[in-house]
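Q: Build me a model:
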Amino acid sequence: MGRMARFHYASTKDADMRYLVGTAVADPFFCVENGEGAFAFLSVLEIGSFREHGKKGVTAVPLEPLMEKARAAGAGASPHALAKRILARYGPPGTDLSVSAHLPLDMADALRADGARLRVADPFLPERAVKSPEEVAAIRESCARTALAFLRIEEILRESAIDGAALRWKGEPLTSERLKREAGRVLFDADMENADGIIISSGAHAAMPHHAGEGLVRPHATIVCDIFPRSVRTGYFADMTRTYVKGEPSETAARMYAAVAAAQDAGFAAIRAGVEGKDAHQAAAAVIRDSGFGAGEATPDSVPGFIHGLGHGLGLEVHEPPRMGAHASGTLTAGNVVTVEPGLYHPEHGGVRIEDVVLVTEDGCEKLSEHPRELVIA
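A: Below you'll find the predicted structure:
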């Protein structure tokens, strides 16, 4: 069969399966790649839509005849029995199979019991890290639609009035939850889904990088808005962050913002094919240090710190290879799509993070997300 056969069993909620077949399928199904081609084994409920929308080169095989043969043989039509019958034709038991670390354990046990030798490949599909022109276009489109949510947030902040220690919008206190609902409506109308939520945090919550945000949005305090939705149509994510202040930022917060913006620019300048991910990170971290702030794994509470990596790969998952961090291994390759998101966090002055998405090229990088960086919202 030439190269080792690849075998997978999942729904397309699994990013590897979505990549293999190119369209959404709600329930788990089998996919085999061998020397003869790529085959997806689907029920009558799915096969018509798959043949219309699935990836070219993947052959849809009706599942029901295999189920009937399995029943007739007295084996039943469990997924394990179907796997045995599929592999008897498309990857004979006893062969080596390349499988995902996400393959269900009971399925792996059944395959081994039938004589299959499994090799867990991590990553299962390393080719996912280099995006095709079609994938790049899909991510660019997701970023453009996500920018609409930032426009809505900015519009609301401009319309809001400062009322003591709170903001009021349309006569009601402005909360993180309210901003997230408004951003969510824009994204829904743009055919984007918030598969993993939205971060809109202010005040002390903004000093916690992954705090989702809750309660009142505070004036004169940083508001971190991190939005990472997925296209309903293509399945590709965007991941963008902007930091705002409604009112007057503290002197420290303003310095933090300037340092983060400069660090992001340094990251853009460092990224190109052949650069190690850790070196791109260190280019941004050096700017943070030169600005008088901390940059490392952890800092004392009194020192604002850049406490995470510069960025990560983006595609059918919001976090995927390659990584750019202090201890990242590996080299950037033309065709990688990565986020560039330096940040600083301080318990008294909040947090600042700015994030954009770029395509790695042979001689630099190309921004796929376009939205202004703007701290103060008047």
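Q: Would you confirm that Lys69 contacts Leu82?
A: No. Using CB atoms under 8 Å, Lys69 and Leu82 do not qualify as a contacting pair, with a distance of 9.6 Å. C-beta: built from backbone N, CA, C; applies to glycine.
Q: So the two - more neighbours on which side?
A: The neighbour comparison of Lys69 against Leu82 (other CB atoms under 10 Å) goes to Leu82, with 21 against 14.
Q: Could you check how far that one is from Ala212?
A: Using CB to CB, to the nearest Å, Leu82 is found at 41 Å from Ala212.
Q: what's next to stretch 117-125, contact-wise?
A: 4, 6, 8, 16, 19-20, 94-103, 108, 111-112, 129, 321 (CB atoms under 8 Å, 6 or more residues apart in numbering).
Q: so where's this structure uncertain?
A: Low-confidence segments of the chain, defined by pLDDT under 70: 1-3, 75-77, 92-94, 297-303.
Q: Name the single longest helix found in it.
A: Ranked by residue count and defined by DSSP state H, the top helix of the chain is helix 133-159.
Q: what does whatever helix or strand comes next after it contact?
A: Going down the chain from helix 133-159, the next helix or strand is strand 161-163, by DSSP states H and E. Contacts to strand 161-163, defined as CB under 8 Å, 6+ apart, come from residues Leu167, Arg168, Trp169, Pro173, Pro219, His220, Lys246, Gly247.
Q: Kindly tell me how buried the second one is, as a neighbour count.
A: Which is Arg168. Neighbours of Arg168 (other CB under 10 Å): 15.
Q: Buried members of the contacts of stretch 117-125 into PyMOL, please.
A: The PyMOL command for the buried members of the contacts of stretch 117-125 (criterion: 16 or more other CB atoms under 10 Å) is given here:
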select buried, resi 4+6+8+16+19+20+97+98+99+100+103+108+111+129+321
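Q: Now, the contacts of stretch 117-125 that are in strands?
A: Members of the contacts of stretch 117-125 lying in strands (criterion: DSSP state E): Arg6, His8, Asp96, Leu97, Ser98, Val99, Pro321.
Q: about what we covered before: most neighbours, which of the contacts of strand 161-163?
A: Greatest neighbour count in the contacts of strand 161-163, by other CB under 10 Å, goes to Leu167: 28 neighbours.
Q: Please give me every residue in contact with that one.
A: Here Leu167 is in contact with Leu157, Ser160, Ala161, Pro173, Leu174, Leu216, Val217, Arg218, Pro219, Lys246 (CB under 8 Å, 6+ apart).
Q: Apply 7 Å and report the result again.
A: Ser160, Leu174, Val217, Pro219, Lys246 (CB atoms under 7 Å, 6 or more residues apart in numbering).
Q: again, but for Asn336
A: Ala129, Val130, Gly313, Pro322, Val360.
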